[in-house]
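**Student:** Give me coordinates for this.
(one chain, ligands or ions: 3)
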Amino acid sequence: MSRRTVIRGGLVITAADEIHADVLIEDGRIAALAASGTPAAEAFTAERTIDATGKYVIPGGVDGHTHMEMPFGGTYASDTFETGTRAAAWGGTTTIVDFAIQTVGGSLRQGLDAWHAKAEGNCAVDYGFHMIVSDVNPETLKEMDLLVEEGVTSFKQFMAYPGVFYSDDGQILRAMQRAAENGGLIMMHAENGIAIDVLVEQALARGETAPRYHGEVRKALLEAEATHRAIRLAQVAGAPLYVVHVSATEAVAELARARDDGLNVFGETCPQYLFLSTDNLAEPDFEGAKYVCSTPLRPKDHQARLWQGLRTNDLQVVSTDHCPFCFSGQKELGRGDFSKIPNGLPGVENRMDLLHQAVVEGRISRRRWIEIACATPARMFGLYPKKGTIAPGADADVVVYDPRAEQVISAETHHMNVDYSAYEGKRVTGRVETVLSRGVPVITEREYTGHAGHGVFTPRSTCQYLI
Ligand SMILES: NC(=O)NCCC(=O)O
Ligand SMILES: [Zn+2]
Ligand SMILES: [Zn+2]
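**Tutor:** Ligands and ions are numbered 1, 2, ... in the order given. I've put the predicted structure just below:
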């Protein structure tokens with residue numbers, strides 16, 4: 001039976017437009033938009049009406065970088081697909097793309113099947129998968145083609161973490177060459193992990209064990225060097241490249257230069273690099289462990305270049321790299337040895353609000369907010385225009401956002417399954433009020449009305465963002 005909803009009187013914001021319009025939703029999709037108050041809008045009839053007067057009506061966020069239940073350093077990221085996608089919904093994100101993992105000696109198929117099993121029937125919002133390629137061999141390369149055909153069209157490789165996820169330059173080049181043929185997008189964790197491991201060993205030998213040394217050994221120059229190398233390898237292979245979690249000024253410069261040369265090179269940064277810094281890593285009493293992630297937080301002066309990159313499109317996407325570990329019992333594994341602190345920060349619930357705060361502070365425009373958090377990640381990962389916009393035919397993944405509500409971010413009130421907030425006490429203006437996922441209300445006036453199993457696996461096409 002067809003079920004219609006109309007959202008009336010809000011300011012509809014997409015990457016392209018801002019328009020006071022009513023939005024008609026039918027059978028889970030956007031059916032029509034019409035300027036509010038016009039006869040065309042008055043003619044919309046529906047079983048459910050949502051009053052968005054004074055509110056923004058925006059596409060659901062697309063978070064292209066999450067790690068639910070990710071194994072790391074002898075433990076697992078503390079959000080399951082159930083808790084993590086529920087928290088995503090609370091934060092106005094209606095699609096996540098998580099990372100399935102190939103283990104060394106295992107196949108891509110085994111890794112992908114394991115991640116399907118974790119997610120299926122458990123998600124509150126829709127999800128897709130990237131594939132982490134940890135073992136490049138002739139079989140893996142063939143499997144990459146099959147995954148692209150079934151909608152897993154992006155592959156993450158690591159220049160960091162020797163002995164775990166690490167690929168050497170030859171393995172990276174081979175995977176890139178394959179991606180150039182099959183249309184896949186290589187996503188790169190760009191840090192020189194071999195050099196970093198030497199610096200880790202030397203720091204620990206000097207007795208430098210506190211969390212802040214994590215930031216000191218993972219040097220910006222080693223992020224920039226790896227970024228440069230990844231760009232050149234991709235250029236040789238003729239493949240596009242997406243560099244994940246860019247944190248350093250020097251790495252942005254490498255991306256900017258490559259883009260000026262006309263290369264299909266893209267960069268993602270994350271809220272933690274825009275809002276947090278090495279000051280957090282240096283917090284006393286081991287509190288700095290809460291902020292251990294890789295690439296690491298940088299000194300505050302790197303933030304300006306990241307914001308500039310987002311304005312100039314040297315950086316195209318803000319994802320969260322949501323990979324939460326509780327302080328108690330998980331981050332604590334690294335007391336006395338920073339290299340044993342599980343890497344990752346929580347944030348899937350906070351991204352849309354933090355970026356809206358950047359709008360409030362005049363750093364980016366409203367349309368750029370939607371572009372970097374919804375439309376471009378959808379295009380980058382082959383989900384557009386099903387996701388990432390509000391237009392006839394698109395999935396009705398819609399957020400009614402109150403741009404004037406004040407909130408204080410806190411672990412006391414967040415919904416992520418983690419015992420601290422990286423943004424504890426931060427005041428932001430703006431708050432998610434209602435969230436529809438394919439037309440179904442999953443958050444209704446700040447009540448959770450969704451359920452595990454509503455979210456479905458969403459196959460993706462190849463990258464739609466090539467120059
Ligand atoms: N970023 C991080 O520290 N943890 C998640 C794994 C990764 O993205 O490298
Ligand atoms: Zn990474
Ligand atoms: Zn990650």
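**Student:** use CA for all of it now, contacts and neighbours both
**Tutor:** Noted.
**Student:** Quantify the burial of T320 by counting its neighbouring residues.
**Tutor:** Here the number of neighbours of T320 (other C-alpha atoms under 10 Å) works out to 29.
**Student:** and if you look at V243?
**Tutor:** 24.
**Student:** For this protein, name the helix or strand with the lowest mean pLDDT.
**Tutor:** For the chain, using mean pLDDT, DSSP states H and E, the weakest element among its helices and strands is strand 71-72, scoring a mean of 96.
**Student:** ok, that one: who's next to it in the sheet?
**Tutor:** Sheet partners assigned to strand 71-72 using DSSP bridges are listed as strand 75-76 (antiparallel).
**Student:** rewinding a little: what residues does the least confident helix or strand of the chain touch?
**Tutor:** 77, 342-343 (C-alpha atoms under 8 Å, 6 or more residues apart in numbering).
**Student:** What are the buried residues along stretch 287-300?
**Tutor:** Taking 16 or more other C-alpha atoms under 10 Å as the neighbour-count basis, stretch 287-300 is seen to contain the buried residues 287-299.
**Student:** mind putting the residues you listed in JSON lines, distance to R368, secondary structure and pLDDT included?
**Tutor:** Rendered in JSON lines, the data for the buried residues of stretch 287-300 read as follows (distance: C-alpha to C-alpha, whole Å; DSSP: H, G, I helix; E, B strand; the rest coil; pLDDT from 0 to 100):
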{"residue": "E287", "distance to R368": "34", "secondary structure": "helix", "pLDDT": "98"}
{"residue": "G288", "distance to R368": "32", "secondary structure": "helix", "pLDDT": "98"}
{"residue": "A289", "distance to R368": "32", "secondary structure": "helix", "pLDDT": "98"}
{"residue": "K290", "distance to R368": "30", "secondary structure": "helix", "pLDDT": "98"}
{"residue": "Y291", "distance to R368": "27", "secondary structure": "helix", "pLDDT": "98"}
{"residue": "V292", "distance to R368": "29", "secondary structure": "coil", "pLDDT": "98"}
{"residue": "C293", "distance to R368": "26", "secondary structure": "coil", "pLDDT": "98"}
{"residue": "S294", "distance to R368": "26", "secondary structure": "coil", "pLDDT": "98"}
{"residue": "T295", "distance to R368": "25", "secondary structure": "coil", "pLDDT": "98"}
{"residue": "P296", "distance to R368": "25", "secondary structure": "coil", "pLDDT": "99"}
{"residue": "L297", "distance to R368": "24", "secondary structure": "coil", "pLDDT": "99"}
{"residue": "R298", "distance to R368": "24", "secondary structure": "coil", "pLDDT": "99"}
{"residue": "P299", "distance to R368": "25", "secondary structure": "coil", "pLDDT": "98"}
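**Student:** For the chain, give me the ranges with low pLDDT.
**Tutor:** Applying pLDDT under 70 to the chain flags residues 1-2.
**Student:** circling back to that earlier point, ok, which pair from the buried residues of stretch 287-300 is furthest apart?
**Tutor:** Taking every pair in the buried residues of stretch 287-300 and measuring C-alpha to C-alpha, the maximum separation is 18.4 Å, between E287 and T295.
**Student:** Which residue does the stretch 1-150 of the chain have closest to ligand 1?
**Tutor:** Closest approach of the stretch 1-150 of the chain to ligand 1 (C-alpha to the nearest ligand atom) occurs at H67, with a separation of 6.7 Å.
**Student:** okay but that residue is in contact with I96, surely?
**Tutor:** No: under the criterion of C-alpha atoms under 8 Å, H67 makes no contact with I96, lying 9.6 Å away.
**Student:** Next, V12: secondary structure please.
**Tutor:** Of the three states, V12 takes strand according to DSSP: H, G, I helix; E, B strand; the rest coil.
**Student:** any idea which of the contacts of strand 71-72 has the most stuff around it?
**Tutor:** Once you tally neighbours by other C-alpha under 10 Å, P342 ends up highest among the contacts of strand 71-72, having 29 neighbours.
**Student:** That residue contacts G334, correct?
**Tutor:** Yes: in this structure, P342 sits in contact with G334. The criterion is C-alpha under 8 Å, and the distance is 7.5 Å.
**Student:** any residues in contact with both of these two?
**Tutor:** Both P342 and G334 lack any common contacting residue under the criterion C-alpha under 8 Å, 6+ apart.
**Student:** all helices of the stretch 251-400 of the chain, in order?
**Tutor:** Remark: helices of the stretch 251-400 of the chain, listed N- to C-terminal, are 271-275, 278-281, 303-312, 351-360, 366-370, 376-380; assignment by DSSP state H, counting those that start in this stretch.
**Student:** of those, which approaches P441 most closely?
**Tutor:** Evaluated over those, closeness to P441 peaks at helix 351-360, with 18.1 Å, by C-alpha to C-alpha.
**Student:** give the contact list for Y242.
**Tutor:** Taking C-alpha under 8 Å, 6+ apart as the criterion, Y242 is in contact with 185-188, 265-268.
**Student:** run the last query once more with 6 Å
**Tutor:** 187, 265-267 (C-alpha atoms under 6 Å, 6 or more residues apart in numbering).
**Student:** Quick one: distance of the helix or strand containing it to the chain centre.
**Tutor:** Element membership for Y242, per DSSP states H and E: strand 241-243. Its chain's average C-alpha position is 14 Å from that of strand 241-243, according to C-alpha atoms, centre = their mean, to the nearest Å.
**Student:** Tabulate the buried residues of stretch 287-300 (JSON lines), appending distance to G388.
**Tutor:** Rendered in JSON lines, the data for the buried residues of stretch 287-300 read as follows (distance: C-alpha to C-alpha, whole Å):
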{"residue": "E287", "distance to G388": "36"}
{"residue": "G288", "distance to G388": "35"}
{"residue": "A289", "distance to G388": "34"}
{"residue": "K290", "distance to G388": "31"}
{"residue": "Y291", "distance to G388": "29"}
{"residue": "V292", "distance to G388": "30"}
{"residue": "C293", "distance to G388": "27"}
{"residue": "S294", "distance to G388": "27"}
{"residue": "T295", "distance to G388": "27"}
{"residue": "P296", "distance to G388": "29"}
{"residue": "L297", "distance to G388": "28"}
{"residue": "R298", "distance to G388": "30"}
{"residue": "P299", "distance to G388": "32"}
